[in-house]
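**Q** test case, fold it:
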Amino acid sequence: MIAEILHPVAICLILLLIDVTVSPWISIQGWSPDLLLIYVMLFSAQKGKNGGLLVGLFAGILQDFTGGVSLGLLALAKSNLGFWFGYWIEKNGISLSIWLMSLIILISVLIQDTWVALFTLQGSEIEFGQYILGNVLPISIYSAFIALLFIIITGKTLNKVKKGGVLR
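**A** Got it, this is the predicted structure:
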């Protein structure tokens, strides 16, 4: 039970460390992949809605503390995405292809960053549409590409989750 909890916590901390230290080196024109959201979605695909919710909440809180965004905004976004994706997987009981998982990560990053932009761009002179097309869409595509590479390199299979998921 403790290993079940410590393993995702350790991975989130490692990904946050990579995100903070390595992201400037792998960023393309200032766009960096959202490694923590990729992990939340992959974890949610394997462990279900409860696991996705908890890991999403923890990963979002970690990113909120280091990201400079309004505290709790990324925690809310990541936990919601992890929960609803895990719920969808549990309800439909499907196995995901590599391409579908990459597409889901692309859409998840779009949803999360659009959600964050709705709150953070209020009162600024940046146009919402310009921000979405100039920042959110490239980050989403980059994140989906990194997820695709990760899935191919590690050979992780995205097996369908059992009804009820983890921590039921």
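**Q** dump the residue contacts of residue 64.
**A** Contact analysis of residue 64 by C-beta atoms under 8 Å, 6 or more residues apart in numbering lists 70-75. Every residue, glycine included, has its C-beta placed from N, CA and C.
**Q** check residue 34 too.
**A** Taking C-beta under 8 Å, 6+ apart as the definition of contact, the neighbours of residue 34 are 109, 112-113, 139, 143.
**Q** just to revisit the earlier point, the contacts of residue 64, buried ones only, as a PyMOL selection?
**A** One line in PyMOL is enough to select the buried ones among the contacts of residue 64; burial here means 16 or more other C-beta atoms under 10 Å:
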select buried, resi 73+74+75
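**Q** so which of the contacts of residue 64 comes closest to residue 96?
**A** Using C-beta to C-beta, the shortest approach to residue 96 within the contacts of residue 64 belongs to residue 74, at 24.0 Å.
**Q** that closest one is in contact with residue 58, isn't it?
**A** No: in this structure, residue 74 sits apart from residue 58 without contact. The criterion is C-beta atoms under 8 Å, and the distance is 11.1 Å.
**Q** so how far is the longest helix anywhere in the chain off the chain centroid?
**A** Secondary structure of the chain read by DSSP state H shows that its longest helix is helix 98-120. Between the mean C-alpha location of helix 98-120 and the chain-wide mean there is a distance of 8 Å, by C-alpha atoms, centre = their mean, to the nearest Å.
**Q** and if you look at stretch 132-139?
**A** Averaging C-alpha coordinates over stretch 132-139 and over its chain gives two centres that are 16 Å apart (C-alpha atoms, centre = their mean).
**Q** which residues are contacting it?
**A** Here stretch 132-139 makes contact (C-beta under 8 Å, 6+ apart) with 28-29, 31-34, 109-110, 113-114, 117.
**Q** number of residues surrounding residue 116?
**A** Burial of residue 116 is recorded as 18 neighbouring residues (other C-beta atoms under 10 Å).
**Q** next one: residue 27
**A** Residues contacting residue 27 under the criterion other C-beta under 10 Å number 13.
**Q** where's it relative to residue 125, distance?
**A** Computed with C-beta to C-beta, to the nearest Å, the distance linking residue 27 and residue 125 is 24 Å.
**Q** swap in residue 115?
**A** Distance, residue 115 to residue 125, using C-beta to C-beta: 20 Å.
**Q** who's more crowded, these two?
**A** Using other C-beta under 10 Å, the more surrounded residue of residue 115 and residue 125 is residue 115, with 16 against 5.
**Q** residue contacts, that one?
**A** Applying C-beta under 8 Å, 6+ apart, the residues near residue 115 are 73, 77.
**Q** related to what we said a few turns ago, tell me which helix or strand comes right after the longest helix of the chain.
**A** Counting by DSSP states H and E, the element after helix 98-120 in chain order, helix or strand, is helix 128-131.
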